[in-house]
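S.K.: Sequence first, then the predicted structure, then my questions.
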Amino acid sequence: MERKELNETLFTKAFETQHNAFLWVGVQGVRCIEFIIRPNFLTSNSR
């Protein structure tokens with residue numbers, strides 16, 4: 001019984017960590033895309 005609960009806890013923790021990592025990568029990806037697009041957008045406007 002205890003072993004099963006421990007496994008479930010570890011699984012939940014791993015899942016939460018994976019979920020947080022996925023969100024973090026998503027946010028970083030959006031920032032990276034904005035960083036790539038914005039300078040190009042600004043330089044093309046200033047010409």
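M.R.: Cool, the structure landed.
S.K.: Pull up the per-residue confidence for residue 12.
M.R.: At residue 12, the model reports a pLDDT of 92.
S.K.: in which helix or strand would I find it?
M.R.: Here residue 12 is covered by helix 2-46, with elements defined by DSSP states H and E.
S.K.: model confidence over stretch 31-47, on average?
M.R.: 75.
S.K.: tally of neighbours for residue 11?
M.R.: 10 (other Cβ atoms under 10 Å). Every C-beta, even on glycine, is put in place using the N, C-alpha and C of the backbone.
S.K.: actually residue 40, sorry about that
M.R.: 9.
S.K.: Likewise for residue 35?
M.R.: So residue 35, with other Cβ under 10 Å, has 9 neighbours.
S.K.: what does residue 30 give?
M.R.: There are 10 residues near residue 30, going by other Cβ under 10 Å.
S.K.: what's the spacing between it and residue 12?
M.R.: Counting by Cβ to Cβ, to the nearest Å, the gap between residue 30 and residue 12 amounts to 27 Å.
S.K.: go on, residue 38?
M.R.: According to Cβ to Cβ, residue 38 stands 39 Å off from residue 12.
S.K.: likewise residue 34?
M.R.: Residue 34 is 33 Å from residue 12, by Cβ to Cβ.
S.K.: same check, this time on residue 19
M.R.: 10 Å.
S.K.: what does residue 28 give?
M.R.: Counting by Cβ to Cβ - residue 28 and residue 12 are separated by 25 Å.
S.K.: try residue 37
M.R.: 38 Å.
S.K.: Count the residues that sit near residue 38.
M.R.: Based on other Cβ under 10 Å, the number of other residues close to residue 38 is 10.
S.K.: ok, it - contacts?
M.R.: Going by Cβ atoms under 8 Å, 6 or more residues apart in numbering, residue 38 touches no other residue.
S.K.: quick one: it and residue 3, what's the gap?
M.R.: According to Cβ to Cβ, residue 38 stands 52 Å off from residue 3.
S.K.: swap in residue 11?
M.R.: Counting by Cβ to Cβ - residue 11 and residue 3 are separated by 13 Å.
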